[in-house]
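> Here is my input, please return the structure:
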Amino acid sequence: MLHLLRFLIRIVGVIAWILLGFVILLGYYQWASISRRDALYKWWSTVLLRICGVRVDVIGEPLAFGSGLLVANHVSWIDIFVLCSRRATIFVAKREIRQWPILGWLVALVGTIFIERGNRKAVTNVGIQMGRRFETHQLVGLFPEGTTSDGMDVLPFHAGLFEPALQSGVAIQPVALRYRLRGQRSSFAAYVGDESLIANAWRVLGESGVSVDVVYLQPIRRSDSESGYGSRHELSEKTRRAIREQVVEGEFVRKTR
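The predicted structure follows:
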C-alpha cells in the first residue's frame, strides 16, 4: 500500500514537472542564451530527482566550464538527469529514447543528439553534431556501452564516438555511476532487458532509499602526454578502465548535494 501511495504521489509530481518543463521550453528556453539554458536545465533536473526521491551523492567535480566530453556507464533512464543536475549536458542517445512517453519528447527539445544504432552513416552525422556543440563551448555526454547494464560492472565500450572529441581536442572526463538502495550497492534501479519504462518507473518511484554515487574522475587532456590522447580505441579503453575501477571496486564516500 505504501509503495502504491509513494508511486502515485511521485508520478503525479513527475508529470506535472515535465509539463512545466514543456511550458518553459516553448516559452523561454529556445530563445535564451546557452548559459541561461544550462542553468535552467541543471535546476530543472535537480528538482526532478527530488520529486523522484533519488538522492545524488557526488565525489569529485565536473568540468567547470567550456566544451568537453563526459563519458559515463549507463544504468537507468535517471542517468541523464543525475548528470545534468551537476552540469547541463547535451547527450548522445539511442533513437528509441525519442519514443519514450513524455520524457522522450522533453529530451528531444533540449537538444539531445539521437543516433540510430548499427547505422555507420548515422555515426558520421552524430560526430558532426558533436563537433558543433564543442564549438559553442557545450558539454556533450556519451554512454559508450551503447545500452544499459545492471550497474554492477561495465560493458565493453564502442570507440567510434570518441573520434569527434579527439578531432576537437576537448577535455574528456570519465564518470562512474553507482546506484544504491538504502545505502547498499544494488541493481534495483537498473533499466535493462525487455522491461518497459512504465514498469521500471513503478518499481523505482514507489521505493524509498534510492541513491546514486556520481564519481567524477580526472579529466583526460590532449596536453597530458607527448602522444596526446592516443587512438580512439586507446582512449575508449582508458576511460572504461577508470570507470570500471570505481564501479566494481570503488569505496563509498558520501558528499550529498
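
> where along the stretch 1-150 of the chain do the strands fall?
54-59, 68-72, 90-94, 113-115, 139-142 (DSSP state E, counting those that start in this stretch).

> Now the longest one: buried residues?
This points to strand 54-59. For strand 54-59, burial by neighbour count (16 or more other Cβ atoms under 10 Å) applies to Val54, Arg55, Val56, Asp57, Val58, Ile59. Where you see a C-beta, it was placed from the backbone N, CA and C, and this is true even at glycine.

> Run through the bridge partners of the third one.
As for beta bridges, Val56 partners with Val212 under DSSP bridges.

> re the thing from before, determine which two of the buried residues of strand 54-59 are furthest apart.
The distance between the two most remote of these (Cβ to Cβ) is 16.4 Å, for Val54 and Ile59.

> TSV for the buried residues of strand 54-59, including pLDDT?
Listed next are the buried residues of strand 54-59 as TSV, based on pLDDT from 0 to 100:
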residue	pLDDT
Val54	98
Arg55	98
Val56	98
Asp57	97
Val58	96
Ile59	96
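
> Just the closest of the residues you listed to Ile198, please.
Val54 (17.4 Å).

> So that closest one sits against Asp79, correct?
No - with contact defined as Cβ atoms under 8 Å, Val54 does not reach Asp79; the gap is 10.7 Å.

> Excluding chain neighbours, what is closest to Val215?
The shortest distance from Val215 to any residue other than its chain neighbours is 4.1 Å, reached at Ala176 (Cβ to Cβ, 6 or more residues apart in numbering).

> Kindly list the main-chain dihedrals of that neighbour?
phi -100, psi 130 (degrees, to the nearest 10).

> in the helix or strand of the chain with the lowest mean pLDDT, what counts as buried?
Every helix and strand of the chain was ranked by mean pLDDT, DSSP states H and E. The lowest is helix 103-109, at a mean of 77. Of all the residues in helix 103-109, those buried under the rule 16+ other Cβ under 10 Å are Leu103, Gly104, Leu106, Val107.

> hang on, the first one packs against Ile80?
No - applying Cβ under 8 Å as the test, Leu103 and Ile80 come out as separate, 9.0 Å apart.

> For the most centrally placed residue in the chain, give its distance to Thr136.
By Cα atoms, centre = their mean, the chain has its centre lying nearest to Ile80, at 3.1 Å. In this view, Ile80 and Thr136 are 20 Å apart by Cβ to Cβ, to the nearest Å.

> ok, the residue nearest to the centre of the chain - contacts?
By Cβ atoms under 8 Å, 6 or more residues apart in numbering, the contact list for Ile80 reads Ser45, Thr89, Phe91, Ala93, Val107, Gly141.

> pLDDT wise, what is the third one at?
What it means is Phe91. As predicted, Phe91 sits at a pLDDT of 93.

> List the contacts of Arg221.
By Cβ under 8 Å, 6+ apart, Arg221 lies in contact with Ala171, Ile172.

> give me phi/psi at it?
Phi and psi for Arg221, reported as degrees, to the nearest 10, are phi -120, psi 150.

> so what's it scoring on pLDDT?
At Arg221, pLDDT is 88.

> In contact with Gln218, which residues?
Gln218 sits next to Gln173, Pro174, Ala242 when contact means Cβ under 8 Å, 6+ apart.

> Can you name the helix or strand that it falls in?
Take DSSP states H and E as the rule and Gln218 turns out to sit in neither a helix nor a strand.

> Show me where the stretch 101-250 of the chain dips below the pLDDT cut-off.
For the stretch 101-250 of the chain, residues meeting the criterion pLDDT under 70 lie at 118-119, 224-228.

> list the contacts for Gly146?
Counting by Cβ under 8 Å, 6+ apart, Gly146 touches Lys94, Arg117, Leu155, His158.

> any chance of those residues in CSV, with neighbour count and distance to Gln167 too?
As requested, the contacts of Gly146 are exported to CSV (neighbours: other Cβ atoms under 10 Å; distance: Cβ to Cβ, whole Å):
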residue, neighbour count, distance to Gln167
Lys94, 15, 23
Arg117, 12, 22
Leu155, 17, 25
His158, 17, 17
